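**Student:** Below are the sequence and a predicted model for it; my questions follow.
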Amino acid sequence: MLFDTHTHLDAAEFDNDREEVIQRALDAGVTRMVNIGFNRETIPTTMELVEKYDFIYGAVGWHPVDAITMKDGDLEWIASLCEHEKVVAIGEIGLDYHWDTSPKEVQHTVLRRQIGLAREIKMPIIIHNRDAHEDIVKILREEKAHEIGGIMHSFSGSWETAQMCLDMGFHLSFGGPITFKNAKQPKEVLAKVPMDRLLIETDSPYLTPHPYRGKRNETGHVALVAEAAAALKGVSVEEIGEITTRNALELFGI
């Protein structure tokens, strides 16, 4: 029993074999997954998947890389979609200082507006954070994100940053990088995260775990993430699957 809390099954990389990819995930023991709609193109395709498959849920939000494209009516659009019974979070939202596509001040504004919406409608958020640890924590604190909580997606920060996020009620989610030999910090952090705040994901088609690194990722590969997490926690894969699935169900209100 596995729950992939972050996947992009609507990505073009799956256009030729999406059905087969989904079936392989089911065969690998994935019982539920959350597809992420993060801009004007992927929000509608996420909703299509949500409507088509009972076991696929959705998150909708505006990615920081695309922040500069957000228009006045888009926040209302997101709010309206959050009324759908299978939309379980606002995301992925956050800050990305790696790709220079949206000015930092625009990213900050878009993030704050979406946290405000999430607080208003009492919806958890999924946070994308790339090279922006200090500012992410600052904005989450200032915008009172502790009132709703959510997920620090593909967590890559230090244990100090992890503690600050945990103190605000967030769950930490880990993916393919915990299977990499040189990924010392994520492994050390995962080993310390309380079991009731731990989640697993793929971020497919990205961040492919070992031994498939360099190839397209699939949501079924969350089983490899579960194996790595189990080894780091010193428990069985079955226990990791059961605990992380229960954590996701409770967080998303499923």
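**Tutor:** All right, it came through fine. Residues are numbered from 1 along each chain as shown.
**Student:** In terms of secondary structure, what does the helix or strand where A59 lies contact?
**Tutor:** Using DSSP states H and E, A59 sits within strand 56-60. With contacts taken as 3 or more CB pairs under 8 Å, 6 or more residues apart in numbering; DSSP states H and E, strand 56-60 sits against strand 30-37, helix 42-52, helix 74-81, strand 87-96. The way it works is simple: take the backbone N, C-alpha and C, and place the C-beta from them, glycine included.
**Student:** Comparing these, which comes out most buried?
**Tutor:** When you average the neighbours per residue for each of those (mean count of other CB atoms under 10 Å), strand 87-96 leads with a mean of 26.
**Student:** Taking their axis directions, that strand and helix 42-52 sit at what angle?
**Tutor:** 150 degrees (axes from the mean of the first three to the mean of the last three CA atoms, to 10 degrees).
**Student:** In its sheet, which strands sit next to the strand holding A59, and in what direction?
**Tutor:** Partner strands for strand 56-60, per DSSP bridges, with pairing direction: strand 30-37 (parallel), strand 87-96 (parallel).
**Student:** Need the mean per-residue confidence for it.
**Tutor:** Here strand 56-60 scores 98 as its mean pLDDT.
**Student:** do you know which of the helices and strands packed on strand 56-60 lies nearest T5?
**Tutor:** strand 30-37 (5.3 Å; CB to CB).
**Student:** Now do the closest one: distance to the chain's middle.
**Tutor:** Centroid displacement of strand 30-37 relative to its chain, using CA atoms, centre = their mean, to the nearest Å, is 10 Å.
**Student:** Ok, stretch 116-129 next?
**Tutor:** Relative to its chain's centre, stretch 116-129 lies at 12 Å (CA atoms, centre = their mean).
**Student:** Also stretch 12-19?
**Tutor:** Going by CA atoms, centre = their mean, where stretch 12-19 is centred and where its chain is centred differ by 20 Å.
**Student:** Could I get the strands paired with strand 56-60 in a markdown table, plus columns for mean pLDDT?
**Tutor:** Below are the strands paired with strand 56-60 laid out as a markdown table (pLDDT from 0 to 100):
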| stretch | mean pLDDT |
| --- | --- |
| strand 30-37 | 98 |
| strand 87-96 | 98 |
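**Student:** Same list (these) but as TSV, adding distance to E239.
**Tutor:** Rendered in TSV, the data for these read as follows (distance: least, CB to CB, whole Å):
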stretch	distance to E239
strand 30-37	16
strand 87-96	24
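**Student:** Does anything pack onto the host helix or strand of I243? Which helices or strands?
**Tutor:** Assessed by DSSP H and E, I243 sits inside helix 237-252. In this structure, helix 237-252 packs against strand 2-7, strand 30-37, strand 198-200, helix 222-233, with contacts taken as 3+ CB pairs under 8 Å, 6+ apart.
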